[in-house]
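**Q** Quick one: sequence and predicted model below, then my questions.
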Amino acid sequence: MGTVSISAPRMPVGAALRADRDARVSALVREHFPFVWRVHRRFGLSPSDADDAAQQVFLVAADRLSDILPGKERAFLFRTAMHVTSKAHRSRRRRPEDADAECGEGADVAPRQEELVDQRRARALLDRLLDEMPAELKAVIVLFEIEGLTMSEAAEALDVPPGTVASRLRRARAELESRVERCFARAKQGGNAP
C-alpha cells in the first residue's frame, strides 16, 4: 500500500514575489521611518511636510526595491530623502503664500517644565544653525553626530570617500561651534537668550 501525501496548495510565483516584496517594504518602513522623518526635519521641513516627504521616500523605495542592496538601505533612503527634501524646498519657494501659513506652528502656551522648555529652545537653535550651514557640512553633522552613523555609513550615504566625510565633519564641527559662539555673543550683548 502506498502513502498519500497531502500538501498545502502552492502559492503562485507572482503572488509569492509580491508577498516577499511587500514584506521587505514593510520592514523598511518599520525600521527606517523615524530616521527618514528626522532627516527631513533636520533639513528644514515642518512636521507635516516631513510626514508627506517620508511617505514619498518609501514610495520611491518600493518602486526601486530591486536597486536597494541588503545592508545599504539607510544610504539609499538618506539619498532619496535628500532629493525629496530638496524638491519640497523648491516647491515651497514657488508657493511663498503657503510657507507663510505654516510659520506659526502653534506655540504651546501651557506652562511646561523648565527642562522641556530648555530642550525645545536648544533644538530650535540647533535647527536654525544647521539651516544656515552649507548642505555638505550639514549632512555630515546630521548623519554622524545626530543620527549616529559610522564614518563608513555616512560615506556610503553621501556617496563620498570616508576621508571626505572626516574632513567635512571637522569643518562642520568648527563651523557649528563658531556659529554657536557668535549666537551666544549676540545674545549676551542684547541681554537675550539665543
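**A** Okay, I see it.

**Q** how's the protein carved up into domains?
**A** Domain segmentation of the chain under automatic domain parsing yields 14-99, 112-194.

**Q** can I get these in JSON lines with mean pLDDT and mean neighbour count?
**A** Every residue, glycine included, has its C-beta placed from N, CA and C. JSON lines is the format used below for the domains of the chain (pLDDT from 0 to 100; neighbours: other C-beta atoms under 10 Å):
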{"stretch": "domain 14-99", "mean pLDDT": "86", "mean neighbour count": "16"}
{"stretch": "domain 112-194", "mean pLDDT": "86", "mean neighbour count": "15"}
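
**Q** host element of the most centrally placed residue in the chain?
**A** The centre of the chain sits closest to residue 39, judged by C-alpha atoms, centre = their mean, with a distance of 1.5 Å. In the assignment (DSSP states H and E), residue 39 maps to helix 13-42.

**Q** ok now do residue 31, which residues does it touch?
**A** Going by C-beta atoms under 8 Å, 6 or more residues apart in numbering, residue 31 touches residue 73.

**Q** Leaving out chain neighbours, which residue sits closest to the residue nearest to the centre of the chain?
**A** residue 81 (4.5 Å; C-beta to C-beta, 6 or more residues apart in numbering).
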